[in-house]
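[1] build me a model:
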Amino acid sequence: MLQYPSMRALVISDKVEPVLYSAGINRHIGKIDLVISCGDLPHYYVDYIMTMTGRPTYFVHGNHAREVEYHSGAGADNWRAVSEPMGAVNLHMCTARQDSLLLAGLEGSIRYNNAPRFQYTDTEMLFNILKLAPKLIVNRMRYGRYLDVLVAHSPPWGIHDQPDRPHQGFKSFLTFMKWFRPRYLLHGHIHLYRRDVVTQTRYLDTEVINVYPYRIMELEPGE
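    Next comes the predicted model:
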């Protein structure tokens with residue numbers, strides 16, 4: 001059975017890390033194949049990493065994402081509105097293929113207030129999954145598998161999440177993993193303050209991994 005080579009990814013989420021937002025980023029991380037953002041990061045930070053590494057970059061929005069950021073232009077009074085990292089690929093309810101790696105994304109968190117965007121009830125997220133499903137079925141027909149990596153901001157229900165409402169995971173993500181069997185589900189959203197917190201959990205065929213604030217990972221495509 002054909003096995004594709006792994007891809008080395010820099011995966012980031014939730015916190016601007018000085019070691020990455022510096023001229024020494026490439027010396028620190030070494031050679032990578034792609035960049036993945038799991039959300040709640042300023043656009044300028046993702047832009048900087050993408051520019052410095054020169055690698056294809058994929059992202060989803062987190063629940064604290066700004067709909068618009070204002071970046072300075074050529075003159076002191078020249079500002080431009082930016083709605084997402086320039087040149088990066090928004091994976092929300094979309095699929096992408098990077099070499100042999102199949103990716104898809106689902107943005108945001110569980111709904112906990114009346115914010116207009118980037119929060120969803122579990123039912124709303126299930127509808128997002130159903131809208132994504134036809135694209136995953138096309139992957140199955142073309143490549144023999146639905147996807148390799150689900151890029152999310154929130155964790156699944158009961159896996160790395162927390163009991164307070166804003167940090168509860170999606171039950172619909174458990175359904176997603178049962179239906180589509182990704183090799184990885186990468187998420188952020190849950191900040192880590194202790195070294196003994198579990199950050200990687202196996203669920204069925206999927207490794208669920210909290211990437212906060214960043215990880216360098218070898219992502220293996222499915223067979």
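[2] for the chain, what's the longest helix?
    As far as residue count goes, and with DSSP state H defining each element, the longest helix of the chain is helix 122-143.
[3] tell me the helices and strands packed up against the helix or strand following that one.
    Sequence-wise, the next helix or strand downstream of helix 122-143 (DSSP states H and E) is strand 149-152. Using 3 or more C-beta pairs under 8 Å, 6 or more residues apart in numbering; DSSP states H and E, the elements in contact with strand 149-152 are strand 101-106, helix 171-180, strand 184-187. Placement of C-beta: from N, CA and C, glycine included.
[4] buried sites along the second one?
    Looking back up the chat, that one is helix 171-180. Neighbour-count burial for helix 171-180, counted by 16 or more other C-beta atoms under 10 Å, picks out 171, 172, 173, 174, 175, 176, 177, 180.
[5] how far off centre is it?
    Here the centre of helix 171-180 is set off from its chain's centre by 16 Å, with C-alpha atoms, centre = their mean, to the nearest Å.
[6] and the helices in the protein?
    Counting by DSSP H, the chain has these helices, from start to end: 25-29, 43-53, 122-143, 171-180.
[7] who wins for proximity to residue 61 among the helices and strands packed on strand 149-152?
    Using C-beta to C-beta as the measure, strand 101-106 is the one of these that comes nearest residue 61, at 9.3 Å.
[8] and the closest one, what does it pack against?
    strand 57-59, strand 95-98, helix 122-143, strand 149-152.
[9] returning to what we had before: dump the helices and strands packed on strand 149-152 into CSV; add distance to residue 115 as well.
    Rendered in CSV, the data for the helices and strands packed on strand 149-152 read as follows (distance: least, C-beta to C-beta, whole Å):
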stretch, distance to residue 115
strand 101-106, 17
helix 171-180, 19
strand 184-187, 19
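[10] got a markdown table for those, with mean pLDDT and distance to residue 93 too?
    Converted to a markdown table, these look like this (pLDDT from 0 to 100; distance: least, C-beta to C-beta, whole Å):
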| stretch | mean pLDDT | distance to residue 93 |
| --- | --- | --- |
| strand 101-106 | 98 | 7 |
| helix 171-180 | 98 | 12 |
| strand 184-187 | 98 | 16 |
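[11] brilliant, that's me finished.
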